[in-house]
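*Asks:* This is a predicted model, with the sequence first.
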Amino acid sequence: MRNKLTRGWKSSYVDQHKAFDFCCSAQRYYEKIGSKTQVLPASLTSIQEVMKLAGAHHITVAPHLLKKLAETPANPWEGETGSVFKDKAEEEAGDYSNILENESAWRLAFTRSQEGRAEVKIIQAINIFCDKQDGLEGLARQ
């Protein structure tokens, strides 16, 4: 059963275009407009990534990374801590009002973002989700 749920996507894949800056921008924007929506970074692959995202509203950390964090001395931690949010502390949250009410403008802005890489990532995410959904439905039918 395990193979049916995991086929096609290897857990060793590491995204080379992580959306750390987007996490910060989204959190700043939600805070600016007084939204109750909170940011939840996930799919982190190292304790360095977890530490870089210190300051996010919430964070999802895999059990094996929690174990590594527990085994890592906090003092002296030589990696980055909260750099995603510190580096942009002065940065003003963007004004997205011009595209929030206009789906065509939003779609165009999204398609052009990161030279098209953002759209590729969302397609990959949808495909992974669909594969997992199909696998779970097949498992449930058995």
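*Replies:* Great, that's in hand.

*Asks:* Helix or strand: which one has F110?
*Replies:* Assigned by DSSP states H and E, F110 belongs to helix 103-112.

*Asks:* buried sites along whatever helix or strand comes next after that helix?
*Replies:* Following helix 103-112 in sequence order, the next helix or strand is helix 117-141 (DSSP H and E). Neighbour-count burial for helix 117-141 flags A118, D131, G135 (criterion: 16 or more other CB atoms under 10 Å). In short, each C-beta sits where N, CA and C put it, glycine included.

*Asks:* Report the distance from helix 117-141 to the chain centre.
*Replies:* Chain-centre distance of helix 117-141: 16 Å, with CA atoms, centre = their mean, to the nearest Å.

*Asks:* Also compute the angle for it relative to helix 103-112, please.
*Replies:* If you take axes from the mean of the first three to the mean of the last three CA atoms, to 10 degrees, helix 117-141 sits at 100 degrees to helix 103-112.

*Asks:* Make residue 1 into 256 and carry on from there
*Replies:* Fine by me, first position is 256 from now on; the one you just mentioned is helix 372-396.

*Asks:* Give me the mean pLDDT for helix 372-396.
*Replies:* Averaging pLDDT along helix 372-396 gives 87.

*Asks:* quick one on the thing from earlier: Throw the buried residues of helix 372-396 into CSV and include distance to S290, thanks.
*Replies:* Converted to CSV, these look like this (distance: CB to CB, whole Å):
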residue, distance to S290
A373, 21
D386, 32
G390, 34
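
*Asks:* May I have the secondary structure class of the residue nearest the centre of the chain?
*Replies:* The residue lying closest to the centre of the chain (CA atoms, centre = their mean) is P296, at 4.3 Å. With DSSP: H, G, I helix; E, B strand; the rest coil as the basis, P296 sits in coil.
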